[in-house]
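Chemist: Turn this into a structure:
(one chain, ligands or ions: 4)
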Amino acid sequence: MEANANHLPNGEAAAVLDSPTNPMVTPLLTDLYQYTMAYAYWKGGKHNDRAVFDLYFRRNPFGGEYTIFAGLEECIKFIANFKMNEGEISFIRQSLSGSCEDGFFDYLRELDCSEVEAYAIPEGSVVFPKVPLMRIEGPVAVVQLLETPLLNLVNFASLVATNAARHRFVAGKSKMLLEFGLRRAQGPDGAITASKYCYIGGFDATSNVAAGRLFGIPLRGTHSHAFVSSFMSPDEIIEKSLKSADGSTNCEDFVSLVQTWLNKIKAVQWSKSSNGDTNHSELTAFTSYALAFPDNFLALVDTYDVMRSGIPNFCAVALALNDLGYKAGGIRLDSGDLAYLSSEARKFFQSIEKEFCIPGFGKTNITASNDLNEETLDALNKQGHEVDSYGIGTYLVTCYSQAALGCVFKLVEINGEPRIKLSEDVSKVSIPCKKRSYRLYGKEGYPLVDIMTGENEPIPKVGERILCRHPFNESKRAFVVPQKVDDLLKCYWPGTSGKPRVELPSLNETRERCINQLEQMRPDHMRRLNPTPYKVSVSAKLYDFIHFLWLNEAPVGELQ
Ligand SMILES: Nc1ncnc2c1ncn2[C@@H]1O[C@H](COP(=O)(O)OP(=O)(O)OP(=O)(O)O)[C@@H](O)[C@H]1O
Ligand SMILES: O=P(O)(O)OC[C@H]1O[C@H](OP(=O)(O)OP(=O)(O)O)[C@H](O)[C@@H]1O
Ligand SMILES: O=C(O)c1cccnc1
Ligand SMILES: [Mg+2]
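Modeler: Ligands and ions are numbered 1, 2, ... in the order given. Just a heads-up that it's a prediction; the model follows:
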């Protein structure tokens, strides 16, 4: 699907944006009721009424007090390219009642988002409940059609980015985090989406090759148990020669060099842990992998016995490579007690460094995998461990501990009239009006509170006291003198407003924003156990208006 320059706001031919990543993201990727409502709006002559919708969530996921906003780039690309083709229009014709008038389908043929305006908090930002992540304005029928796809593009993206950020928080800054979820993700889009947004949330790399190509995310990987167990005997290695790293010498028989090193290791290490041999087929697999990738030799060491076979075999190959000027990449542990095994492996590497005078060998990289999640990372930290990198799949990409973020899209104004959605559950009452939102920072540089105001209220000023009120709880209020004020909503799609359009940042810029914002948060909002809720508030004027509208719209009961 190509963006049509005729339909771009302000005739900006140069502003063509790519289509969304997933070609399934089309105007049909919506709920049927959006089209039935669009028809009813059109039939009633109401389709061009000017509507304002807020997209927001009500509760932070994973028992935390923060969320990462993600998915915006795909939303804006969707809006920019929103145009129905004949096939899509004819499918809608078939799907709606036969009594729908032809004029509606002519209307759909002309429909695009040139009159839509999209404002949003920048992607990768730390965000909080009730504060609009996006504000979409435009003709009510078309904005209604956008509801479902925008929610679809934001809900999982933000959930999985938040999950990634939480894993990063527990793992610590210095660890390498690898996303290994492709095989266990919820289908192809679940996997690609997870790879993209885990990177934004602070992962370093993915094993997902398609995501590497689509987004430029760094690719990393080791090898599987199948590779190790596929080898039977050393005779399988035919080509045994290996050139040194600088190309100056050629080792004719790398297999024998490995064996020589294994014997030396045995002589100094063996009495401590075993009197037997290491597994030969494992040694063959490692040697073979080293011949294929001498400058990035990695070994999965838990196929037979980590300490009695995997680690000494790895060290033999790594030391043979060292003779030829190569530095081994490291090991992966995929079962057993990862705290204990990583510590034992580290001790082994350190004793090799000492014994054979190989500077840096003690620091050989240790990757751990196997059903890891926030809890296991936390448990490892508490026990003490020597893991440098984590490969995390299932729990990360499926967001195992919470199925959905629960973003909603609510009408807050129509034709300039504020609208409210009431509910028995106060947390579900929507905050009416076309609003602006600000983040206010305190003396210590931390964000203190987010405040929503009416569109035309004065902007909070640095150094000026402002009353921040809980939107629904009368007694909760505080004066804030901000040291810095961020205007949260930026214009990503100006429609016919004439406002400048904020460019979509690169994936790496979004990732950096996320990492920087997380670092700026006050630590008590971030802790895993009983974190302090971040304050989300409204101005005094907006507070009064919400409660006026609430009373106005809620029918008065009668007791008999
Ligand atoms: N030190 C540790 N503390 C807490 N959890 C750990 C520790 N080491 C490993 N784990 C976790 O314990 C679980 C162990 O998995 P499981 O009981 O399936 O055994 P396994 O090691 O995979 O054995 P198998 O090879 O038989 O599959 C994994 O989720 C792993 O992440
Ligand atoms: O455990 P997860 O967090 O989902 O991470 C990915 C897992 O996928 C692989 O296992 P799999 O059993 O598929 O293959 P293997 O033979 O390589 O272990 C890998 O070894 C990890 O254990
Ligand atoms: O490269 C790896 O080690 C890897 C990749 C995907 C799943 N498990 C492991
Ligand atoms: Mg496994």
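Chemist: State the next helix or strand along the chain beyond the helix ranked longest in the chain.
Modeler: Longest helix in the chain by number of residues (criterion: DSSP state H): helix 140-171. Remark: after helix 140-171, the chain's next helix or strand is strand 176-179, criterion DSSP states H and E.
Chemist: Pretty sure residue 128 sits against residue 450.
Modeler: Yes: applying Cβ atoms under 8 Å, one finds residue 128 in contact with residue 450, separated by 5.7 Å. To be clear about C-beta, it is placed using only N, CA and C from the backbone, and glycine gets the same treatment.
Chemist: what residues are shared contacts of these two?
Modeler: 534, 536 (Cβ atoms under 8 Å, 6 or more residues apart in numbering).
Chemist: Quick one: neighbours of residue 426, just the number.
Modeler: 11 (other Cβ atoms under 10 Å).
Chemist: and if you look at residue 523?
Modeler: By other Cβ under 10 Å, the residues close to residue 523 number 9.
Chemist: Contact partners for the closest residue to ligand 2 within the stretch 401-550 of the chain?
Modeler: Using Cβ to the nearest ligand atom, the closest approach of the stretch 401-550 of the chain to ligand 2 is made by residue 401 at 13.3 Å. Contacts here follow Cβ under 8 Å, 6+ apart; on that basis residue 401 touches 62, 373-374, 395.
Chemist: ok, now with 10 Å
Modeler: 61-63, 163, 166, 373-375, 395 (Cβ atoms under 10 Å, 6 or more residues apart in numbering).
Chemist: most neighbours, which of the residues you listed?
Modeler: The most neighbours of any of the contacts of residue 401, using other Cβ under 10 Å, belong to residue 163, which has 29 neighbours.
Chemist: Helix, strand, or coil at the nearest residue to that one once chain neighbours are set aside?
Modeler: With Cβ to Cβ, 6 or more residues apart in numbering as the criterion, residue 163 has its nearest non-adjacent residue at 5.1 Å, and that residue is residue 399. Assigned by DSSP: H, G, I helix; E, B strand; the rest coil, the conformation of residue 399 is coil.
Chemist: Hmm, residue 156 and residue 399 touching each other?
Modeler: Yes: in this structure residue 399 lies within contact range of residue 156 using Cβ atoms under 10 Å: 7.6 Å.
Chemist: gap between residue 348 and residue 342?
Modeler: Residue 348 sits 11 Å away from residue 342, going by Cβ to Cβ, to the nearest Å.
Chemist: what's near enough to touch the nearest residue to residue 550 once chain neighbours are set aside?
Modeler: Among residues not flanking residue 550 along the chain, residue 420 sits closest, at 6.3 Å (Cβ to Cβ, 6+ apart). By Cβ under 10 Å, 6+ apart, the residues touching residue 420 are 410-412, 429-433, 545-546, 549-550, 552-554.
Chemist: In the protein, where is pLDDT below threshold?
Modeler: 1-15, 270-275 (pLDDT under 70).
Chemist: What residues does it have near ligand 2?
Modeler: Residues of the chain lying close to ligand 2 by Cβ under 6 Å from any ligand atom are 180, 183-184, 224-225, 334, 369-372, 391-395.
Chemist: If you rank those by neighbours, which is first?
Modeler: The most crowded member of these, judged by other Cβ under 10 Å, is residue 392 (27 neighbours).
Chemist: Leaving out sequence neighbours, find the closest residue to that residue.
Modeler: Among residues not flanking residue 392 along the chain, residue 372 sits closest, at 4.8 Å (Cβ to Cβ, 6+ apart).
Chemist: Next, the contact list for that neighbour, please.
Modeler: 167, 171, 177, 180, 338, 380, 387, 390-396.
Chemist: 8 Å instead?
Modeler: Residue 372 neighbours (Cβ under 8 Å, 6+ apart): 390-392, 395.
Chemist: Run a quick neighbour tally on the closest residue to ligand 3 within the stretch 151-300 of the chain.
Modeler: Residue nearest to ligand 3 within the stretch 151-300 of the chain: residue 221 (2.9 Å; Cβ to the nearest ligand atom). Counted by other Cβ under 10 Å, the residues lying close to residue 221 total 16.
Chemist: Fine by me, thanks again.
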